[in-house]
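In: Quick one: sequence and predicted model below, then my questions.
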Amino acid sequence: MTRAYDIIIRPIITEKSMGGVENKTYTFEVDKKANKTHVKLAIEEIYGVEVEKVATINAKPRPRRVGRHAGYKRSFKKAIVTLKKDSKEIEVFNI
């Protein structure tokens with residue numbers, strides 16, 4: 001992979017993902033080609049934190065309809081990142 005900002009696309013801020021912030025667990029949308037090692041190094045470089053564990057999930061495209069037009073939502077990959085206990089928090093999720 002090339003740059004850290006090419007690997008991490010955006011943070012995913014939903015009600016469910018915000019529940020893990022207390023346990024230092026954060027969710028990000030990442031590049032489909034990135035593996036756990038790439039994600040760990042990118043998070044550490046961008047946010048200056050220490051990553052303990054990374055879990056990745058491939059979200060499949062789901063069918064959607066608008067009137068009589070049918071299609072699919074896009075597929076993407078997300079990573080759930082757990083930080084070490086003594087690491088600082090990521091400011092993006094402190095809303």
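Out: Thanks, I have it.
In: do you know how far Lys36 is from Ser17?
Out: Per Cβ to Cβ, to the nearest Å, Lys36 is found 18 Å from Ser17. Any C-beta I mention is one placed from the backbone N, CA and C, and that applies to glycine too.
In: Arg74 too?
Out: Counting by Cβ to Cβ - Arg74 and Ser17 are separated by 18 Å.
In: and the residue nearest in space to the middle of the chain, helix, strand or coil?
Out: For the chain, the residue nearest the mean C-alpha position is Phe28 (1.3 Å; Cα atoms, centre = their mean). Classification of Phe28 by DSSP: H, G, I helix; E, B strand; the rest coil places it in strand.
In: longest helix anywhere in this protein?
Out: When the chain is parsed with DSSP state H, its longest helix is helix 36-47.
In: List the buried residues in the lowest-mean-pLDDT helix or strand in the chain.
Out: Lowest by mean pLDDT, DSSP states H and E among the helices and strands of the chain is helix 15-18, with a mean of 90. For helix 15-18, a neighbour-count test (16 or more other Cβ atoms under 10 Å) marks Ser17 as buried.
In: Which strands or helices does that helix pack on?
Out: With contacts taken as 3 or more Cβ pairs under 8 Å, 6 or more residues apart in numbering; DSSP states H and E, helix 15-18 sits against no other helix or strand.
In: got the end-to-end distance for stretch 5-25?
Out: Taking Cα to Cα, to the nearest Å, stretch 5-25 runs 20 Å from one end to the other.
In: what about the chain, any weak spots by pLDDT?
Out: 1-2, 94-95 (pLDDT under 70).
In: Roughly how far does the residue in it sticking out farthest from the centre sit from Lys24?
Out: For the chain, the residue at maximal distance from the C-alpha centroid (Cα atoms, centre = their mean) is Arg68, at 33.2 Å. Computed with Cβ to Cβ, the distance linking Arg68 and Lys24 is 46 Å.
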